[in-house]
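Undergrad: How does the following fold in three dimensions:
(one chain, ligands or ions: 3)
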Amino acid sequence: MISVEEAQELILQAVEASAPERVDLLTARGRVLAEAILARTDFPPYDNSAMDGYAVRSADTSFGKLQVVETIAAGRIPTRSLAGGEAARIMTGAMLPEGADAVLIQEEAHLEGDTLMFEKLPAAGANVRYRGTFHKAGSPLMPPGTVLQPGEIALLAAAQRAFVLTHRPPAVAVVSTGDELVGIDGVLGGARIVDSNQYGLVAQVREAGGDPRALGIAPDDPGAIRGRLVAALDADFVLLSGGASVGQFDYTPQVLEALGAQVVLYKINMKPGKPLMFARLGSRLIWGLPGNPVSSLFCFWQFVRPAIRKFMGYPPERWRYPVVQAQLTAPVRSKGDRRAYLRGQLILEAGVWRFAPYRTDNSGNLVSLLGINAFGWLEAGVTDASQGEVVPVLVVGELLNR
Ligand SMILES: Nc1nc2c(c(=O)[nH]1)N[C@H]1C(S)=C(S)[C@@H](COP(=O)(O)OP(=O)(O)OC[C@H]3O[C@@H](n4cnc5c(N)ncnc54)[C@H](O)[C@@H]3O)O[C@H]1N2
Ligand code: MOO
Ligand SMILES: [Mg+2]
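TA: Numbering: from 1, shown residues only. Ligands and ions are numbered 1, 2, ... in the order given. Here you go, the predicted model:
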């Protein structure tokens, strides 16, 4: 059995960033830039007011009051420049008139007719956003490799980039195997269960940024699995779930070998998720995920998501989930035969990371995934840890505050 880190390394070595494609900015969230973006305009594009108030000349201190000569709304070009003793009513974002160099906020002034009364004029530059002070036209705005989150999308919109070159996400085919499986609206009873992995994996692919293709269920029959796998090879990545272990009807390893796939690794020193297989078939990458629902989800987070992120051009520090050190809120046990990942909740409590482990380690217990956001772990050879002990915790979901 190889370690989690060795397996991640081997899988990532098999992945390259995808070719760039042009996409509509409205659909680019979560993608990664494959081009450098230059600013064509200054940010901001003209001197403007940061507040609602009065554009003034800060040097006009000898005037006890000023004459308001016009009102400037956002989107309007001032009709005249300010001479000594003059002010202009101005709104947030409106263009500063020539001659003005500061904005007096309206709360610190009052009008008597067209005469502006105030105690003190603001210093030069107060409440003014000068042209080009955020960013200069012609200088690099975003390098390739920038992850496009809402802030970056808004900035690209401001730079008038309606289309951008980004790495394309992988198409990820999901195939479940098992004679016991029925589709979500299939007839239960007897020895049948719902193919829940298909739904969990499709959701995970989407969450990671990939393009999922739900290909349904193949029975536990090598020919049928082979047929479904070949149909799945249109996709960049294929996720087979079930049949990865050593049972009499576990066919994933033999089907992959019979197809001539190059098996890169099989079996990881971890629980849940030991019987993971990863193979290459031409340019296609295939994961044989263990069928146990918790193992399937966990193997995805550990070994598929990093590959999706690398394929999508994400920088290395974003391939894997982050790890924090957190205090256990309860004692935990492990058999010690493999590295044991304990599902649970990571909570930031009064500035301290605390990890509340769920009470089961059963790989078949889907109910135990309700509300979890993290996996704390004990290394192989360690059989217990007490309450308050600090353990490493892999953060797979949203952080919680308390
Ligand atoms: N003698 C041994 N038995 C097992 C070993 C072992 O080392 N020696 N490993 C165990 C571990 S660890 C795991 S994990 C599982 C992996 O099982 P498989 O990948 O072979 O998967 P199946 O046998 O097909 O199914 C296991 C389990 O999961 C359920 N399942 C399968 N597919 C789905 C699905 N799409 N949706 C929901 N549930 C699914 C299936 O019904 C079984 O209950 O092997 C252990 N055994
Ligand atoms: O490694 Mo398996 O996933 O525990 O039950
Ligand atoms: Mg099995």
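
Undergrad: Who are the contact partners of Ala173?
TA: Contacts for Ala173 (CB atoms under 8 Å, 6 or more residues apart in numbering) come out as 213, 215, 232-235, 237-239. C-beta coordinates here come from the backbone N, C-alpha and C atoms, glycine included.

Undergrad: and if you look at Ala83?
TA: Ala83 touches Gly99, counting by CB under 8 Å, 6+ apart.

Undergrad: quick one: it from Arg57, how far?
TA: 9 Å (CB to CB, to the nearest Å).

Undergrad: Would you map the helices across the chain?
TA: Applying DSSP state H to the chain gives helices spanning 4-13, 150-158, 196-208, 222-232, 252-258, 293-299, 305-311.

Undergrad: Can I get these in JSON lines including mean neighbour count?
TA: Conversion of the helices of the chain to JSON lines gives the following (neighbours: other CB atoms under 10 Å):
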{"stretch": "helix 4-13", "mean neighbour count": "16"}
{"stretch": "helix 150-158", "mean neighbour count": "15"}
{"stretch": "helix 196-208", "mean neighbour count": "20"}
{"stretch": "helix 222-232", "mean neighbour count": "17"}
{"stretch": "helix 252-258", "mean neighbour count": "19"}
{"stretch": "helix 293-299", "mean neighbour count": "26"}
{"stretch": "helix 305-311", "mean neighbour count": "23"}
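
Undergrad: what about those helices, which gets the closest to Ala94?
TA: Nearest to Ala94 among these is helix 150-158 (17.6 Å), distances taken as CB to CB.

Undergrad: Off-centre distance for the closest one?
TA: Here the centre of helix 150-158 is set off from its chain's centre by 16 Å, with CA atoms, centre = their mean, to the nearest Å.

Undergrad: same for that helix, what does it pack against?
TA: Helix 150-158 sits against strand 140-142, with contacts defined as 3 or more CB pairs under 8 Å, 6 or more residues apart in numbering; DSSP states H and E.

Undergrad: strands paired with the strand it packs on, and their directions?
TA: Strands that pair with strand 140-142, judged by DSSP bridges, come out as strand 37-38 (antiparallel).

Undergrad: for the partner strand, what is the average pLDDT?
TA: Average pLDDT, strand 37-38: 97.

Undergrad: next one: stretch 276-293
TA: The model assigns stretch 276-293 a mean pLDDT of 97.

Undergrad: ok, that stretch near ligand 3 or not?
TA: No: figure legend: stretch 276-293 not in contact with ligand 3 (CB under 5 Å from the ion); closest approach 6.0 Å.

Undergrad: And that stretch, what's buried?
TA: Neighbour counts over stretch 276-293 (16 or more other CB atoms under 10 Å) mark 276-279, 281, 284-293 as buried.

Undergrad: What of stretch 89-104?
TA: For stretch 89-104, burial by neighbour count (16+ other CB under 10 Å) applies to 89-91, 94-97, 99-104.

Undergrad: again with stretch 61-78
TA: In stretch 61-78, the ones that count as buried by 16+ other CB under 10 Å are 63, 66, 68-70, 72, 78.

Undergrad: residues from this protein in reach of ligand 1?
TA: Proximity of the chain to ligand 1, by CB under 6 Å from any ligand atom, involves residues 176, 178, 180-181, 193, 195-198, 241-247, 250, 274-275, 290-293, 295, 363-364.
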